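Student: Mind folding the following:
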Amino acid sequence: MKNYLHIYACVSITFSIAGCQSVDTRPENLDQYLQQFIGKSSSEIQAELNFKALGYQVSDHIQTTTDTLTYTILRPINIPMTGSNATVGSNAMGMPVIRYDTAGTPSYDINFNCKVTFKLNNNIAESVQYMGRAC
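Tutor: Reported below is the predicted structural model:
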């Protein structure tokens, strides 16, 4: 019984650590990419800016006012909860085996977002600002 608990603890810790890791898959620095739009008009930015080419998921709704142009980058994250779906059984040789039902793994869905706002003066971008947890 002590071996079962030891194996279960090691596997649980491994999955907990793996579930919290994140990998930065952006091909280019976001700030560096957005700086090239400073000095361009609102219509030029809307025509040329391509977040999807950088690997970002973006809301289809672009907020425009007379002095701002705002995009929303969406970062949905699925965080699996480990340990609740583990069963201990034995393999064909009678050795203990911990099995996980990966199809029914409970998880949390969290939607982070980042607002990218171009400050406009006479319809020309003067600066870019970021707000949100996914920036």
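
Student: Quick check: what element follows the longest strand along the chain along the chain?
Tutor: As assigned by DSSP state E, the longest strand anywhere in the chain is strand 107-121. The element immediately downstream of strand 107-121 (helix or strand, assigned by DSSP states H and E) is strand 124-131.

Student: For that next one, which residues meet the burial criterion?
Tutor: 125, 128 (16 or more other Cβ atoms under 10 Å). C-beta: built from backbone N, CA, C; applies to glycine.

Student: again with stretch 39-48
Tutor: 40, 42, 45.

Student: Same check on stretch 49-57?
Tutor: 49, 51, 54, 56.

Student: Partner strands of the longest strand of the chain, with direction?
Tutor: strand 68-80 (antiparallel), strand 124-131 (antiparallel) (DSSP bridges).

Student: pLDDT on the helix or strand just after the longest one, on average?
Tutor: The helix or strand immediately downstream of strand 68-80 is strand 86-90, counting by DSSP H and E. Taken as a whole, strand 86-90 has a mean pLDDT of 72.

Student: then strand 86-90 to CSV, C-alphas only?
Tutor: Provided in CSV are the C-alpha atoms of strand 86-90 (Å, rounded to 0.1, in the frame of the first residue of the first chain):
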residue,chain,number,x,y,z
ALA,A,86,-7.0,8.2,-11.1
THR,A,87,-7.7,4.5,-10.5
VAL,A,88,-5.3,1.9,-9.2
GLY,A,89,-5.4,-1.5,-10.8
SER,A,90,-3.1,-4.3,-11.8
